[in-house]
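> only geometry, no sequence info:
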């Protein structure tokens, strides 16, 4: 399994960014995939995930209403649209996937990308 993130960068507070995760190597259609982030000195935080089988989506309270997760089956990518960004959103963002289902994803996915830096300036 390979997960490759792209789309991070520097943005001003109130701005938007779109992250993309290229997915390859899964032999099953039944997995959960989404995004975590880790800010300096803080624990890794689960943000949002999507079920590959039925496209159900789930969000952490910290990003609900600002971030939107989506999947493009033709491109085999999972995107995270981030709007109304705040300085506290500054972190390394990771794409992560889990075969055991949504609950297991939130507890700690098995597969991880290398991460992409998002910096929000005030």
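Sure, I can see it. Small disclaimer: the values here were computed from a predicted structure and weren't measured.

> and after the helix or strand of the chain with the lowest mean pLDDT, which helix or strand comes next?
Averaged element by element with mean pLDDT, DSSP states H and E, the chain has its least confident helix or strand at helix 102-107 (a mean of 94). Proceeding C-terminally, helix 102-107 gives way to strand 111-112 as the next helix or strand, assigned by DSSP states H and E.

> That next one: how far from the chain's middle?
Here the centre of mass of C-alpha atoms in strand 111-112, compared against the chain's by C-alpha atoms, centre = their mean, to the nearest Å, lies 11 Å away.

> how about the nearest residue to residue 66, chain neighbours excluded?
Nearest residue to residue 66, sequence neighbours excluded (C-beta to C-beta, 6 or more residues apart in numbering): residue 84, at 4.8 Å. Yep, even glycine has a C-beta here, placed from its N, CA and C like the rest.

> what about the one you found, how many residues close to it?
Look at residue 84: counted by other C-beta atoms under 10 Å, it has 13 neighbours.

> One more: residue 13?
A count of nearby residues for residue 13, using other C-beta under 10 Å, gives 13.

> For it, give me its contacts.
If a contact means C-beta atoms under 8 Å, 6 or more residues apart in numbering, then residue 13 has 85, 86, 87, 120, 121, 122 as its contacts.

> That one and residue 46, how far apart?
Distance from residue 13 to residue 46, counting by C-beta to C-beta, to the nearest Å: 23 Å.

> cool, and residue 40?
Spatial separation of residue 40 from residue 46 under the definition C-beta to C-beta is 18 Å.
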